[in-house]
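[1] The following comprises the amino acid sequence and a computationally predicted model.
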Amino acid sequence: MDHPIASKFDRVCQILEHHQRNPHKLIPILQEIQAEYLYLPEEIMTFVSTALGLSTSAIYGVATFYSHFTLTPKGKNVIKVCDGTACHVKKSEGLIQAIEKELGLNAKKRTTDDLLFTLETVACLGACGLAPAVVLNDQVHGLMTPESTLKLIREIKAKEAEVVCNTAV
Amino acid sequence: MKKMYATIDGIQVPIEGEKNLLEVIRKANIELPTFCYHSDISVYGACRMCMVEIEGRGLQPSCSTAAADGMVVKTNTREIRNLRKMIVELMLAHHDQNCTTCPKSGECRLQEIAQQLGVSKVRFKQLADFAPFDDSSDAIVRDPSKCVLCGDCVRVCSEIQSVGVLDFARRGSASTVVACFDKPFGTVECVNCGQCVKVCPVGALTPKFQINEVWNALHDSKKTVVVQIAPAVRVAVGEYFGYKPGTATTGQIITALRMMGFDQVYDTSFAADLTVLQEGDEFLERYGKQQNLPQFTSCCPAWVKFAEQYYPDMLPNLSTCKSPQQMFGSVCKDQLTKMLNISREDLVVVSIMPCTAKKFEAKRPEFKEGNNPDVDFVLTTKELSLMVKEQGIDFEKLEPGSFDLPFGFKTGAGVIFGNSGGVSEAVLRYAASKLNHGKMIDVKELRGGESTRIAEIKIGEVTLRLAVVSGLANARKLIDKIRRGEEHFDLVEVMACCGGCINGGGQPTSSDHQHVSKRAKGLQDQDKMLQFHSAQENPYLQELMRDDLTAEKAHHLLHTLYQNRKRISLEDIMIRKPSAETKISMKICLGTSCFLRGAQTLYTQLNDYIHSQGLDDVTEVSASFCNERCQKGPVVIINGNVLEHCTFERAVAELKRIQ
Amino acid sequence: MQHSSLEERKQHYHDCMSQYKAKIVICGGTGCIANGAMDIFHRFEAVIAAKGLKATVALQKEQADYILSKSGCQGFCQMGPLVTLYPQGIFYVHVKADDVEEIVEKTLLQGELIPRLLIHDDETGEPLPDTAHIPFYAKQERTTLKLCGMIDAQDIDEYIAHDGYTMARKAVLDMTDQEVCQAITASGLRGRGGGGFPTGRKWDLTRVQVNDTKYVICNGDEGDPGAFMDRCVMEGNPHSVLEGMIIAAKAIGANCGYIYVRAEYPLAVERLKLAVKAAKEAGFLGEQIFGSTMNFDMIIMEGAGAFVCGEETALMASIEGRRGMPMPKPPFPAVKGLFGKPTVINNVETLATVPVAMQMGVENYAAKGTAKSSGTKTFALTGHVAHTGLIEVPFGTTLREIIVDIGGGVINDDGSNCGADFKAVQIGGPSGGCLTQEHLDMPLDYDNLLSVGAMIGSGGLVVMNQQTCLIQIARFFMQFTQNESCGKCVVCREGTRQMLGLLEDITEGRATKESLELLEELAHVVKIGSLCGLGKTAPNPVLSTMKYFRDEYNAHVFDKKCPTNQCQALSCYQVVAELCKSCGLCAKKCPVNAISGAKGVPYVIDQDVCIKCGVCMETCKFHAIVK
C-alpha cells in the first residue's frame, strides 16, 4: 500500500513549481496541499519550508493562524453551520447542539472517531435570507431546523453503512 | 537647514533625524514605558504602552510615529494613564503572578512598570491556560506562563540571527510563541545564542541555571572544584552591583569565588592564548597550502551549530580548534589530575561565561573522556551574581584577589577575545610574529562598531584579507557572498552576538544605550594594562607546550570534529513501491543543498522518464532528506551506486546501463 | 491583436437578443441555488424542449425561441426561488420545479399571469405583476446593484450591452490620471467597506507617489456576519468590479491588481475567475489594454478564514504569505503598501460603483444622497422583518422607510407584524452600534450615525424585535470579535476576552455593580488603545447597548432578571397555581429537589435551589409551569 504522505508527494512538487516556489504564495500553496491531503501533514510542511526558504516555525504560524487550515485529518463529511448574525438570531445554536448530541461531539472534539463527520461553525455564508443555514459537503441547505438537520445526517450515516456492508460482502 | 523642534510636555526638543517620536521624547528626559519596542529590531506596535497625545492627531503610538516639526505632544494625560494601567492589569490577568519564585524577579519589566504606574490591583479574572513549561534545552528555559507576547524574541531570532526558530502560533488570546509544531525547544534548530533571553522583558525566556549543581559540588568535600572566568564576564558582572558597564571588577570576582569555596580560580584567557597559538598555526599551514580558505573561527558554539545546520559544506573551512572554554577544560583535567593526584571524577571544572550556548557546548559528546565531561558546569554572568548575593557577600566592599597559576596567567591577546574582532586581532598578532620574522604589529583596523568589518592587513610581503562579522544574519549574508564568489577572504571571524561575547545571552541587560561599546573599551583597556599582548609571549603557556603538549597530545586535547546537522528527518520517505519485483531502486536527496541545486526538477524529470519507459512496475522510488554529501549535490543513488553532481543525462545513462 | 470595439459587441448582442421571443431569468444567487434554482433552470430546458421549442442558454446565443439566463442574487432571498420573464418583467416568487410546466404553458405561450406565484400587496391583497409595483423593490434605488440580478454574470457581452467597460476605456484612453481622481472626488464617493474615506482623495494620495510599481487591491473579504452585499456584487456583476479596478489602476498608475475573496464564497470566486478570463480575452486586462500602452494584470486570491484580514494592512500581510496581523499606520498603504509599494485598497461595492457613477455623470451621482454622503448604499436587511434581503437606498433614507416601507414591518416571535415597533437595529455588524426608536426618522449617512455612536459599516442591518435580549446580542458580537482577534496587541487580545467574560457574567447572573463599571471602563480602553479597526470597534455593540438599554443591564445585574426571558440562567420557573394538578411528576424529575408540594396543594419551586434547567416545564403535561 502506498505511504499516505508520500503518495501525493508528486502533487506537492507540482504545486510548488506552479507557484514558482515563491514564498509570498505560501497561503495558496498550503490551500492546494490541503485540498490534496484534506489536512496539512507535518512532514509536508517541513518540506515546503525547505522549498520556499522559510523557517518551519513561520509556516506553522501561518497554518495555525487561519481557520481553514487543519493539522489533523477532517472527517469525510464536513457540516458547516452558519452562526452569522441572521442565523444566530434564528436559533442556529440549536442546530449546533443537536448535531453535537447526535454525533457525540463537543467544543473540543469536532471530528467523529470514525472520521465520518466534522462539525464546523462558520461566521457567515451570505445566505442570510434563508437563515438558519447549513452547508453539508459544499451544498447549502436553508431554513433548517434541528429535525431537518438530523435527518440529513442520518441519511448520510445510512449511505455510509450501506457502502460498508457492500464492501464487506 | 532649518532646525526642527517638537514640544514634549511643554519642553522644546530638537528633532535630529531620530527614528521615531519615542526617541525624540527620550531627549526630553522621559523614558516611556514599553514592552515591544527595541531599537535593534523592527517596530511591532503591539504593547500600546508608548501611546502619546499629539495635538490635532489624537492618541498615537510613539514608536511608529515619525516626529514632525511643530508637533505638540503630551505624554501623561488622564486617558493615557488609565490606558497604561489597564494594559498592565490585562497582562497580569493572563500571567503567572508568582514573582517571588521567578528567575527574572528584580530584572522584570512587567514588575518594574506595574510598580512605576502604581498598579495596585488586578480587577480581571485570572486566566491560566498556558502552554507547558519547557526546559528541554540545555541552554534556555521557556516559561509560557510569563510570556507577554511582545514578539521581541521572534523578531530577534528572525531578523538579527536569521534562524527563525520562534514564531507566533494560533490566534487571538490562544496565541503563543512557540517553536515549530509546538516541539520542545531542545529538539529544534535553536543555536542557543540566547539573544532571545536578552531581549525578553519578562521571565518567559531565561538561561538554564546550574547554580544548585555548582553549590552541591562546592559542598562536596571529596571534590576539587576549579573555576575559569571568561573575559567578557569581568567587565559586565559589576553592573549587577551598581557599577557602570565596562568597569572591570576582576579582583572582586576572584575573592568572591574563593569565599564561595572554589579551590582554584583561573582565567579562560589563558586558554584563549592557547587557542590563538593552535588556530594561528592551523591558519598559517592552510595559507601556505592555499587550502580550505577562508578559515572560519570556531570558538562561538552558536555559530558552530549554525554552520552545522545551514552550511555543512563549509565545515571543512571551520578551524578544528576547540573553543577556549573547552581547551581549558581538557587541558585542566589532564594537568591537574596529575598535579594534584586526583581522578577526573573528583575534579570539577566550572566555567563562568557571558553565553548561554556554552552550556550546550559543554555537553557536546565530543568533549568528554569516557563519561566525564571536560567542563562540568557552565554558569552565566547572571548566575554568578545570584550566587554572590545568595551567600550575602557585599561585592563592592571586597578586597581584590588574583588568579591562581599557572592557568590564571594570560596576555592581552587572550583578553580581547570577548570583543568582536578580538579573536582575529589576537591571531594576527601571533601570525604576524611568524610571518614578519618576530616583529609584532598592532592591528587596530579590526576594531569598531559596525557588525561587518573587512580589512586588508599587510604583514611583511603578505597581504591578508580578513572579515569580522557578528550577528548571524550578517554572517549568512557574508557567507552567501563568499559562496557566490563575490568575496574572498583568508580568515573570517564569526560571533553570533552583535558586538561579540560582551553582548552575549548570559550578560546583564542594560538601560545604558552605550553598554556594548563601553564593555568593549573595558576589555581593550585591560589588554593595554598587561605586560604581554601576544599569546606566544605567555611564559606559562610556553612551559606547558614545551614540557607536555606534544603535537599528538595537542591534537587530541585541543582539536575537534563537527557534525552535519542538515538532516531534517532521519528516515527516508518511500514514494513508490513497485508492484512487481524490484529491479531498480532509485533514491533522490531532497535536502536543502541538493534542492537548491535542482534536485526537485531532477526528481520530476526522472519520474517522468521512468513512467515513459514503462518501468513503474519495477522501480522503487524514495526520497531522503540528506545524504550528507551536500557540497556534491544533487545526489541520486541508483541500485546502491552514488551519483554525485548528478544531471538528468547521467542518471538516465546509469539507468540504461543497469538494464 | 484586433478586438471588436465595445460598440460592435453591444450591437452584436442586441442583434442576437432580438431574435428571442422571451428571456427567462432565474435568480442564481447562493440562496436561491440552495433552494433549488438549478433544478428549475434545467426543468425549463426540458419543458420547452418537450413542447418542440428551443431554449438557448445565454452564453451560446444560438438560434432559438427563448433564452434562459442565470442571474446573480436579486436580493429578495426570502421569496426565492425567483423567476423573471422579460420583456414584461413578470416576477414570480417561491417557484418550484413543478410550477415550470404551468409557467411555460400559461405565461410564456399564452401570456397569462399565474396569481399564486406573484407577490400580493400587503394591504389590498392584489397580485403585483412586476418589480416596479412591489414595495420591496419600488422603494429602493438600485444603482450599484442595478444589473445584479438582471444580467448573466458569466456573459461579458450582456455587461457590454449595458455600456459596460465604456468608462474604463474612457479613463484609459481619454483621461489623465489626475482627471480620473478629480472625477471620483467630484462624485463624493466614500469607502463603502465601513471606513467612509473619500475614494477620490485616497486615489490621489497614491497617484502622487513616485514608483514604477503600484497595486490596486479589491477587498472582498466581507466577513461581517449578516452582511452579504459584496457577495452579491461579486456573484451578480463581477465585471463591474473589474471595471472599477481598471479605472482605479489608471488613476494611480498601477500595473497589477489583486482581488482578495473569502474562500467561503466559492461561487463568487468562480464567477470572478471567469470574468477575468473573459476580460483578458477581450483585451480589457493584460497587456496594452484597450489598445493603449497601459498594462494591468489581475490576480485572484482566496482568503483562508480570518475576519481580521478585512483590515487593509492585515490583508496585505496575507497576500504576502504571512499571518494576517495588522501593522501600525502610518505608514499608510498609499505610501507603503503591498510589498512596500504604493497601494490602493477599496471595498467591492466602492469599486463596482465607480463605473456606475461615471456613466450617469459624477455630478448626478453626487446629487443623490446627502451633502456629505453622496450616492446610494447597499444594506443587507435581516433579522425580524417581514421582507429580508439585499437592498439599496440613497443616503438620507430613514430607518422607518427601510424597515416599514421596504422591509414590510417588524415581526414578533409569535409571527405578528408590529410595524415599526422594533427594539433595536444593529447597524454595521460587530463593529457597529445599535439604533433605537428615537432614530426612526434620522436620515442615515456616515456622519449622522457616527454622531450617535453607531456606524454605517459595511451595511449589515439587523432588526431586532421586542423579544430580543440585547445583552445576548452584545455577547454574541463580542464572542465573534474575540474569536477573530489576531492576538497581536494586548488591548484587543486580552481586552475582548475579559469583556466577553464580563458579558457572560451578566447573562449568567454572576455580575455585580463593579462588573458593569469595569466593563464600561474596559470598553473605552479597548476602543482607544487597540492597534487596528477590529479592536477599536469591538466595544461598539457593548457601549451602544449600554447607552440605550442601561435598564436592561441593570435588571440583569441587580435584579438577576432577564426582561425578555432569553437568558437561560436568569429564567424564573414558576408553577401557575390555578393550573397545577398536584401530580408531583415535576418534583420527581427535578434534579435538585427544588419542588415541593402535596396532593390538593399546588406545588412550589424553591427559587434558591432551582438551577433553571427547565426539565420541570418540559415534564408538566398541564402547562402549569412557566418561565
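    Received the coordinates, thanks.

[2] from here on, contacts and neighbour counts on C-alpha atoms
    Noted.

[3] And chain A, split by domain according to the record?
    Following automatic domain parsing, one gets these domains for chain A: A:4-65, A:77-168.

[4] Columns mean neighbour count on top of these, output as a markdown table?
    Converted to a markdown table, the domains of chain A look like this (neighbours: other Cα atoms under 10 Å in any protein chain shown):
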| stretch | mean neighbour count |
| --- | --- |
| domain A:4-65 | 19 |
| domain A:77-168 | 19 |
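
[5] Using CSV, lay out the ones you listed together with mean pLDDT and distance to residue C:326.
    Below are those laid out as CSV (pLDDT from 0 to 100; distance: least, Cα to Cα, whole Å):
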stretch, mean pLDDT, distance to residue C:326
domain A:4-65, 91, 13
domain A:77-168, 81, 20
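
[6] could these go into CSV alongside distance to residue B:381?
    Formatted as CSV, these follow (distance: least, Cα to Cα, whole Å):
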stretch, distance to residue B:381
domain A:4-65, 30
domain A:77-168, 45
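
[7] Just put those in CSV and tack on distance to chain C.
    Below are the domains of chain A laid out as CSV (distance: least, Cα to the nearest Cα, whole Å):
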stretch, distance to chain C
domain A:4-65, 4
domain A:77-168, 4
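
[8] and of those domains, who's closest to chain B?
    Chain B sits nearest to domain A:4-65 of all those, at 4.0 Å, using Cα to the nearest Cα.

[9] That closest one: how far from the chain's middle?
    Relative to its chain's centre, domain A:4-65 lies at 17 Å (Cα atoms, centre = their mean, to the nearest Å).

[10] number of nearby residues for residue B:286?
    17 (other Cα atoms under 10 Å in any protein chain shown).

[11] one step back: what's the closest of the domains of chain A to residue B:90?
    Closest approach to residue B:90 among the domains of chain A (Cα to Cα): domain A:4-65, 22.4 Å.

[12] rewinding a little: do you know which of the domains of chain A lies nearest residue B:406?
    When the domains of chain A are ranked by proximity to residue B:406 (Cα to Cα), domain A:4-65 comes first, at 46.8 Å.

[13] Looking at the stretch 451-600 of chain C, which residue is nearest chain A?
    For the stretch 451-600 of chain C, Cα to the nearest Cα, closest residue to chain A: residue C:462, 7.2 Å.

[14] Would you confirm that that residue contacts residue C:225?
    No: the criterion here is Cα atoms under 8 Å, and residue C:462 misses it with residue C:225 at 10.1 Å.

[15] residues of stretch B:595-604 that come out buried?
    B:595, B:597, B:598, B:599, B:600, B:602, B:603 (16 or more other Cα atoms under 10 Å in any protein chain shown).

[16] Ignore what I typed, I meant stretch B:58-68.
    B:59, B:60, B:61, B:62, B:63, B:64, B:65, B:66, B:67.

[17] Nearest to residue C:454 among these?
    Using Cα to Cα, residue B:59 comes nearest to residue C:454 of the buried residues of stretch B:58-68, at 20.7 Å.

[18] and that closest one, that's in a strand?
    Yes: Residue B:59: assigned to a strand according to DSSP: H, G, I helix; E, B strand; the rest coil.

[19] Which strand residues bridge it?
    With DSSP bridges applied, residue B:59 shows beta-bridge pairing to residue B:53.

[20] need the contact list for it.
    With contacts defined as Cα atoms under 8 Å, 6 or more residues apart in numbering or on different chains, the neighbours of residue B:59 are B:51, B:52, B:53, C:528.

[21] Would you quantify the distance from the nearest residue to the last one once chain neighbours are set aside to chain B?
    Setting aside the residues directly before and after it, residue C:528 is nearest to residue C:536 in space (Cα to Cα, 6 or more residues apart in numbering or on different chains), at 6.3 Å. Summarising the geometry, the distance separating residue C:536 from chain B, computed by Cα to the nearest Cα, to the nearest Å, is 12 Å.

[22] What strand or helix carries residue C:536?
    Assessed by DSSP states H and E, residue C:536 sits inside helix C:533-537.

[23] C-terminal to that helix, what's the next element?
    Where DSSP H and E defines the elements, the next helix or strand beyond helix C:533-537 is helix C:540-548.

[24] mind listing the helices for chain A?
    A:9-18, A:26-37, A:42-52, A:56-65, A:85-89, A:92-103, A:146-168 (DSSP state H).

[25] Can you lay out those as JSON lines showing distance to chain B?
    As requested, the helices of chain A are exported to JSON lines (distance: least, Cα to the nearest Cα, whole Å):
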{"stretch": "helix A:9-18", "distance to chain B": "7"}
{"stretch": "helix A:26-37", "distance to chain B": "15"}
{"stretch": "helix A:42-52", "distance to chain B": "6"}
{"stretch": "helix A:56-65", "distance to chain B": "4"}
{"stretch": "helix A:85-89", "distance to chain B": "21"}
{"stretch": "helix A:92-103", "distance to chain B": "23"}
{"stretch": "helix A:146-168", "distance to chain B": "23"}
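
[26] As a markdown table, those with distance to residue C:485 would be great.
    Converted to a markdown table, those look like this (distance: least, Cα to Cα, whole Å):
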| stretch | distance to residue C:485 |
| --- | --- |
| helix A:9-18 | 31 |
| helix A:26-37 | 19 |
| helix A:42-52 | 25 |
| helix A:56-65 | 10 |
| helix A:85-89 | 18 |
| helix A:92-103 | 22 |
| helix A:146-168 | 30 |
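
[27] so which of those comes closest to residue B:83?
    helix A:56-65 (27.7 Å).

[28] Name the residues that touch that closest one?
    A:27, A:30, A:45-46, A:49, A:69-71, B:164-171, B:178-181, C:306, C:321-324, C:486.

[29] measure the closest residue to chain C within the stretch 301-450 of chain B to residue B:566 for me?
    For the stretch 301-450 of chain B, the residue closest to chain C is residue B:310, as judged by Cα to the nearest Cα, at 23.2 Å. When Cα to Cα, to the nearest Å is the yardstick, residue B:310 and residue B:566 sit 7 Å from each other.

[30] For those two, indicate the residue with more neighbours.
    For residue B:310 versus residue B:566, the count of surrounding residues by other Cα under 10 Å is larger for residue B:566: 22 against 17.

[31] pretty sure the more buried one contacts residue B:315?
    No: in this structure, residue B:566 is not within contact of residue B:315 by Cα under 8 Å, at 11.7 Å.

[32] residues from chain B in reach of chain A?
    With Cα under 8 Å from any Cα of the partner chain as the criterion, chain B comes near chain A at residues B:163-171, B:178-181, B:568, B:573-577, B:591-592, B:595, B:600, B:604.

[33] avg pLDDT for stretch C:372-385?
    Stretch C:372-385 shows a mean pLDDT of 93.

[34] now stretch C:243-251
    97.

[35] Next, the contact list for the residue of the stretch 451-600 of chain C closest to chain A, please.
    A:85, A:86, C:226, C:380, C:381, C:382, C:383, C:384, C:425, C:426, C:427.

[36] what about it, helix or strand, and which?
    Going by DSSP H and E, residue C:462 is part of strand C:460-464.

[37] For residue B:474, which non-adjacent residue is closest in space?
    In space, residue B:474 is closest to residue B:452, 6.9 Å off (Cα to Cα, 6+ apart).
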